[in-house]
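**Q** give me coordinates for this.
(one chain, ligands or ions: 2)
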Amino acid sequence: MPNVLVLPGDGIGLEITPEAVKVLEAVLKDHPQSLKFEYGLIGGAAIDEVGKALPDATLEAAQAADAILLGSVGGPKWDTLPAPQRPELGGLLAIRKALGLFANIRPVKMLPMLVDASTLKTEVVKNVDLVVLRELTGGLYFGEKGRGTNPRSAFDNLIYTEEEIQRIVELGFQTAMKRRKKLCSVDKANVLESSRFWREITLEVAKNYPEVELTHMYVDNAAMQLVRWPEQFDVIVTENMFGDILTDLASMLMGSIGMISSASLNGSKGLYEPAHGSAPDIAGKNIANPLATILSGALMLRYSFGLEEEAQKIERAVEQVLQEGYRTADLAKPGDKVLGTREMGDAVVKALK
Ligand code: IPM
Ligand code: MG
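**A** Ligands and ions are numbered 1, 2, ... in the order given. This is a model prediction of the structure:
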């Protein structure tokens, strides 16, 4: 039986991961394929318990697991630690790097019943259906970083190897081939050498995909175009930090950051997590939106276990609950039926039946 390692992490991670597990268990209840869930520590919770944001035991369990479900890491309690020990760098980034999870897939699709939840006009967001492929183990996040004295200074290096660009761009073309055959590579080639190199490699990879319409866009323009006319995008592929920023922005095209799921893959292994953070301000109140994590669970069934039908069942159940007018606080308008975190999880389970 395949093993899923659950790493709730910190903040709302503790509340949203149980809802995703609940939904996964429910969808596989009468299915020949079942999953075994194991639990581990990551982030601040791991620092408190064993003194390290990514304990060796967690990494070993992650390496042995067939898939990983992660909540979120970080919080004010650990913000004063030296950067390499903090939950983000020492926990989340460390596990992404150690498992080689270079491809972060973040689907951005507007569900018709949520158009009003977006701060953007209905006609702008109603047909949004795009996916962002964020490079996840290189670029600005992982280059050499450091401090200097005289003058007092700091630096972060943005470096990419040919292979790192090739593999993510390749996946971008493959994803586009299964969709509307449009790939937009986002860079800052008017300023950055690493971006000019990214573009060069992208053009080389493009030769193998003549059917895909490839465009290049500067990241500042991409941010603007995403709110001006998001429908123009099918697949976006981009550098680690550009992808981090653009996906928070793009989450509002779906009404709330509480809706954006993600899969981080390296071919054989997958880690699934909502793209939002640990939201310390609302943690422990049973008000966080568990849907991004529940939808990340659907991505796990799709990408790690080939259970496409069950993945769609979860996606349809989420849509049904929203269609019935149920919302978590982040999505709610006056008059909506507001549910807590656990109640939203229960509602999705019920809708599966
Ligand atoms: C994300 C998050 C993380 C990132 C943080 C928590 C380190 O913002 O997954 O987008 O920057 O990658
Ligand atoms: Mg982010």
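**Q** report pLDDT for the one residue in the chain that gets nearest to ligand 1.
**A** Nearest residue of the chain to ligand 1: Glu88, at 3.8 Å (CB to the nearest ligand atom). In this view, the C-beta of every residue, glycine as well, is placed from N, C-alpha and C. Per-residue confidence (pLDDT) for Glu88: 97.
**Q** can you check Gln33 too?
**A** pLDDT recorded at Gln33 is 89.
**Q** that one is in what secondary structure piece?
**A** Following DSSP states H and E, there is no helix or strand that holds Gln33.
**Q** against Ala317, how distant is it?
**A** 18 Å (CB to CB, to the nearest Å).
**Q** which one's more surrounded, these two?
**A** Ala317 (22 against 12; other CB atoms under 10 Å).
**Q** which bits of the stretch 201-350 of the chain sit near ligand 1?
**A** Residues of the stretch 201-350 of the chain lying close to ligand 1 by CB under 6 Å from any ligand atom are 244, 275, 277.
**Q** and the helix or strand hosting Pro8, what does it pack onto?
**A** Counting by DSSP H and E, the element that carries Pro8 is strand 3-9. Packing partners of strand 3-9 (3 or more CB pairs under 8 Å, 6 or more residues apart in numbering; DSSP states H and E): helix 13-27, strand 36-39, helix 44-50, helix 56-64, strand 67-72.
**Q** which of those is buried the deepest?
**A** strand 67-72 (a mean of 27; mean count of other CB atoms under 10 Å).
**Q** so which residues of the chain form helices?
**A** 13-27, 44-50, 56-64, 94-98, 122-125, 162-177, 193-206, 219-228, 240-251, 291-303, 308-323, 341-352 (DSSP state H).
**Q** save those helices as TSV, and put in mean pLDDT too.
**A** As requested, those are exported to TSV (pLDDT from 0 to 100):
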stretch	mean pLDDT
helix 13-27	98
helix 44-50	98
helix 56-64	98
helix 94-98	98
helix 122-125	96
helix 162-177	98
helix 193-206	98
helix 219-228	98
helix 240-251	97
helix 291-303	98
helix 308-323	98
helix 341-352	98
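**Q** could those helices be laid out in a markdown table, adding distance to Asn150?
**A** What follows is the helices of the chain, written out as a markdown table (distance: least, CB to CB, whole Å):
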| stretch | distance to Asn150 |
| --- | --- |
| helix 13-27 | 42 |
| helix 44-50 | 33 |
| helix 56-64 | 39 |
| helix 94-98 | 31 |
| helix 122-125 | 50 |
| helix 162-177 | 34 |
| helix 193-206 | 27 |
| helix 219-228 | 33 |
| helix 240-251 | 28 |
| helix 291-303 | 46 |
| helix 308-323 | 55 |
| helix 341-352 | 51 |
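**Q** looking at these, which is buried most?
**A** Comparing the helices of the chain by mean count of other CB under 10 Å gives helix 291-303 as most buried, with a mean of 26.
**Q** name the residues that touch that helix?
**A** Here helix 291-303 makes contact (CB atoms under 8 Å, 6 or more residues apart in numbering) with 4, 16-17, 19-21, 23-24, 27, 67, 69, 71, 105, 107, 257-263, 265, 270, 272-276, 307-308, 310-312, 314-315, 318, 328, 344-345, 348.
**Q** export it to CSV, keeping only CA atoms.
**A** Extracted C-alpha coordinates of helix 291-303, given in CSV (Å, rounded to 0.1, in the frame of the first residue of the first chain):
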residue,chain,number,x,y,z
LEU,A,291,-9.9,23.9,-0.2
ALA,A,292,-6.4,24.6,-1.6
THR,A,293,-5.0,21.7,0.4
ILE,A,294,-8.0,19.4,-0.5
LEU,A,295,-7.4,20.3,-4.2
SER,A,296,-3.7,19.6,-3.7
GLY,A,297,-4.8,16.1,-2.5
ALA,A,298,-6.6,15.8,-5.9
LEU,A,299,-3.3,16.7,-7.6
MET,A,300,-1.6,13.9,-5.6
LEU,A,301,-4.1,11.3,-6.8
ARG,A,302,-3.6,12.6,-10.4
TYR,A,303,0.2,12.9,-10.5
